[in-house]
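Visitor: my questions concern the predicted model and sequence given below.
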Amino acid sequence: MRRDDLPAPDTGLLVTHFLTVADVPRSRAFYTEILGGEVVLAENPCIVKLANSWILMNPGGGPTPDKPDVSLRPPTDPGTATSFLNLRVADIADCYERWSAKGAEFLTPPLDRKAELRCYLRDPDGYLIEVGQSTGLLVGILADPPAGNA
C-alpha cells in the first residue's frame, strides 16, 4: 500500500463513497474485476481506487460511539434507492459491452435521455450504479423532467 493511493488529501478535501456490504471479497471483486478499480487495501476497510475516487467497503454492524443511534446494513429492497453511485464515462457503449461480458447485469441497455445516454446496473449487494455519457448536455440540451414532474 502506497500513501499516494490512499484517500488522504494534503489540503482541502476529496470525496469517497462508503458501502456497507455483505461479502467484502465478492464486492471487492466486482469493483476491481468488472469496473476496473485498483485494490488499495483489501479489508478493514476495503479500499478500491476507482478512476479519480475511492470506494470504501466494510460489513454492516451496530452503533459505534461516533454514530450511537445508527446501524449499517446493505440494501434490502432492490425496488427502492435513496442514493446511487454515478459513473460518468466517455464511451457508454464500450463500457456496457465490456462490463456485460465480465458479468455485470444492467437493468436496461443505454437509453438516450436527450442530455445523456444512460443505463443502470447493480453491484453484488444491490447498490444501484448509474452509468452515463453526456451528449446533448454538452450543447445545452437538457433531459426531460423526471417522471411525475411537469
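Guide: Ah, there it is. Numbering: from 1, shown residues only.

Visitor: ok, now which ones touch Pro65?
Guide: For Pro65, no residue counts as a contact, taking Cβ atoms under 8 Å, 6 or more residues apart in numbering as the criterion. Backbone N, C-alpha and C define where each C-beta goes, glycine included.

Visitor: pLDDT at it, what is it?
Guide: The per-residue pLDDT reported for Pro65 equals 93.

Visitor: how close does it get to Thr20?
Guide: Distance of Pro65 to Thr20, computed by Cβ to Cβ, to the nearest Å: 18 Å.

Visitor: show me what whichever helix in the chain runs longest is packed against.
Guide: With secondary structure taken from DSSP state H, the chain has its longest helix at helix 92-101. In this structure, helix 92-101 makes packing contacts with strand 116-122, strand 128-134, judged by 3 or more Cβ pairs under 8 Å, 6 or more residues apart in numbering; DSSP states H and E.

Visitor: backbone dihedrals for Pro63, please?
Guide: Taking degrees, to the nearest 10, you get phi -60, psi 150 for the backbone angles of Pro63.

Visitor: touching, it and Asp69? I think so.
Guide: Yes - with contact defined as Cβ atoms under 8 Å, Pro63 and Asp69 form a contacting pair (6.1 Å).

Visitor: center of this structure, which residue is that?
Guide: With the centre of the chain defined as its mean C-alpha position, the nearest residue by Cα atoms, centre = their mean is Leu85, 3.5 Å away.

Visitor: from Arg118, how far off is that residue?
Guide: In this structure, Leu85 and Arg118 are 13 Å apart, going by Cβ to Cβ.

Visitor: residues that sit against both of the two, list them.
Guide: Overlap between the contact sets of Leu85 and Arg118, as judged by Cβ under 8 Å, 6+ apart, is given by Glu130.

Visitor: hmm, back to that, export the helices and strands packed on helix 92-101 as TSV, with columns for mean pLDDT, distance to Ala104 and mean neighbour count.
Guide: Supplementary listing: the helices and strands packed on helix 92-101 in TSV, determined by pLDDT from 0 to 100; distance: least, Cβ to Cβ, whole Å; neighbours: other Cβ atoms under 10 Å:
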stretch	mean pLDDT	distance to Ala104	mean neighbour count
strand 116-122	96	5	20
strand 128-134	95	9	19
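
Visitor: tell me where this structure has strands.
Guide: Under the criterion DSSP state E, the chain contains strands at 16-20, 38-41, 46-50, 53-58, 85-88, 111-112, 116-122, 128-134.
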